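Colleague: coordinates only, no sequence provided:
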Ligand code: GLN
C-alpha cells in the first residue's frame, strides 16, 4: 500500500530519493512468519518507516542530498537503522534533504527541491524536508530526520506533522553522515506525539559506537505522555515573541499556550536574554565543524571523482568543485575562515563562549519552569524560490530553533493551527536535558 502511494505521489512531492522494496519485503515476510508462529511481535512490527538520506542503510544508496556521494553504497547500517530493524520496522527507502543537511527549505538538494504536500508551491522546510513531506503525504507512517539547527522541528511545523529533537547524546549518531558533530541529532517525524514517543524509545539509548551517546536509561515515554500537566509550569520567553514574528504564527502559538493553561499548566513569563546572539554563534560553529567534517570528501575515499585531472591536487580540487553545491561551498569557506590562525579567537572561541551563555540562560529558566513554549519559525512555509537568493534571510529565520541546538536540550514541534492561507503552524515545546518525557507530556496535552 505504501509503495503504491509512493508511486502515485512522489513525482509531485519528490520526497523519496530511493526505495528499498526488497529489504521491505524481506522484513514483512519475517514479521508474517513470526505472527504465523504465534511469536510475540516487537514494538514496531510491520510499521513502514523511511529514513533521511544522511543516514546509512546497508546496500541502499546514501547521497546526503549531494552529487559528491552519487553512487556511494554504504557497507553497514546506522545504529538507529539497526534498532528500527530489530524492532520489526519495515524500511521503505531514503528521503530527500538539503545537501549535507545544510538549509531550511530543501532547495539545496542536488536532486531537486521537495514540495510541501499541503501546498505544492511552498517549501516543506529543511533540511529534513523529505522526511516531513513523506509523513504529511502519507508516503510513510513515520520517518527519521536529523536536526542540527532546526531541521526536524521546522519542516515538521511547515508540513503540519510532529517532529522531535532529542537531547544531545540521547540517540547514537553512528552511521549519520556528519554536518556539525557537536550539534547533530537524529529524531522521529510522525503524525502524532504518541507515535514519536514510541519510535524514540526504540532508537534511544547508549551505543558504544558513539562516544557522545549517553548511559542515561531510556524511560517508558508512552507512559510518560499519559500523565496530566496540572500544576506544571510553562515558560514563555519574551525574546521569542518580539519583532519579526508573523502575527498569524503568534496567534496560533498563543492559542497553544491557552490550551496548555486550560489543561492545568501555569504560564510564567520568562527571559532568555542571549537569544539574539544565537544565529551568529550557530553559523560560526556549524560552519567551522562542517568545514572539518567535509574534508573527508576528497574524491578518493567516497563517491564522485573528477575524471579529467592530471595531478593529485587538481583531482581533489575538481572533485570538490564539481561535487559540492553552492551552499556547501559557502559554508566550507566561512568555517575555514572562522578556524584559521588569527581569526580563531575572534570567531570560533567567541562563539563557543556565547554557546555557554545561551546554555546557562536555559538552565536558569529550567530552575523555574518545567517546559518552555515558543514558535518554531517566524512564518509558515514560504514559496519555493522566494528566499533562494538570500542566504542571510534564510539563516535569520532559524532564530527560534538554533538556541536549543546550541544548548543540547530537547524539544518537539507540534501542530497548533493553520494560517489564513491554510498553511500549517507548529508550536515548539522545549525541555531540559533528558526530559523528553515532559516534552511528550506537554505535546500530548496540546494535540
Ligand atoms: N537551517 C539550519 C542550517 O542550515 C539547520 C540545518 C539543520 O538542522 N540540519 O544550518
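Modeller: Good, I have the coordinates. This one's a predicted model, so the numbers in the text were calculated from it and none came from an experiment. Numbers count the residues shown, from 1 in each chain.
Colleague: okay, CA-based contacts and neighbour counts for the rest of this
Modeller: Will do.
Colleague: which stretches of the stretch 251-400 of the chain form helices?
Modeller: 278-293, 312-323, 326-339, 350-368, 391-396 (DSSP state H, counting those that start in this stretch).
Colleague: out of those helices, which one sits most buried?
Modeller: helix 278-293 (a mean of 22; mean count of other Cα atoms under 10 Å).
Colleague: contacting residues around the closest residue to the ligand within the stretch 251-400 of the chain?
Modeller: Nearest residue of the stretch 251-400 of the chain to the ligand: residue 398, at 6.0 Å (Cα to the nearest ligand atom). Residue 398 sits next to 104, 149-150, 279, 377 when contact means Cα atoms under 8 Å, 6 or more residues apart in numbering.
Colleague: so which of those residues reach the ligand?
Modeller: 104, 149-150 (Cα under 6 Å from any ligand atom).
Colleague: now render those as TSV, adding pLDDT, distance to residue 330 and neighbour count.
Modeller: TSV is the format used below for these (pLDDT from 0 to 100; distance: Cα to Cα, whole Å; neighbours: other Cα atoms under 10 Å):
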residue	pLDDT	distance to residue 330	neighbour count
104	98	15	27
149	98	17	32
150	98	19	30
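Colleague: sec struct for residue 228, please.
Modeller: At residue 228 the chain is in coil, as set by DSSP: H, G, I helix; E, B strand; the rest coil.
Colleague: okay, it: pLDDT?
Modeller: We have a pLDDT of 97 for residue 228.
Colleague: burial count for it?
Modeller: 15 (other Cα atoms under 10 Å).
Colleague: distance of it from residue 22?
Modeller: Separation of residue 228 from residue 22 (Cα to Cα, to the nearest Å) stands at 43 Å.
Colleague: same deal with residue 361?
Modeller: Distance of residue 361 to residue 22, computed by Cα to Cα: 49 Å.
Colleague: kindly report the same for residue 124.
Modeller: Distance from residue 124 to residue 22, counting by Cα to Cα: 29 Å.
Colleague: who has more neighbours out of these two?
Modeller: Taking neighbours as other Cα under 10 Å, residue 124 and residue 22 compare with residue 124 leading, 39 against 11.
Colleague: for that one, give its distance to residue 15.
Modeller: 10 Å.
Colleague: quick check: neighbours shared by those two?
Modeller: Here residue 124 and residue 15 have 114-115, 130, 133 as joint contacts, going by Cα under 8 Å, 6+ apart.
Colleague: now do the contacts for residue 266.
Modeller: Contacts of residue 266 were listed using Cα under 8 Å, 6+ apart, and they are 230-234.
Colleague: so what's it bridging to?
Modeller: Counting by DSSP bridges, residue 266 is bridged to residue 233.
Colleague: residues making contact with the lowest-mean-pLDDT helix or strand in the chain?
Modeller: Least confident helix or strand, the chain: helix 391-396 with a mean of 93, by mean pLDDT, DSSP states H and E. Residues from elsewhere that reach helix 391-396 (Cα under 8 Å, 6+ apart): 103-104, 279, 387-388.
Colleague: just flag the most distant two among these.
Modeller: 279 and 388 (18.4 Å; Cα to Cα).
Colleague: in the chain, which spans are strands?
Modeller: 16-19, 48-52, 90-95, 142-147, 162-165, 185-190, 233-237, 266-270, 371-375, 410-418, 424-431 (DSSP state E).
Colleague: hey, which of these is tucked in deepest?
Modeller: strand 162-165 (a mean of 34).
Colleague: does the ligand sit close to it?
Modeller: No: between strand 162-165 and the ligand, judged by Cα under 6 Å from any ligand atom, nothing touches; the nearest distance is 9.9 Å.
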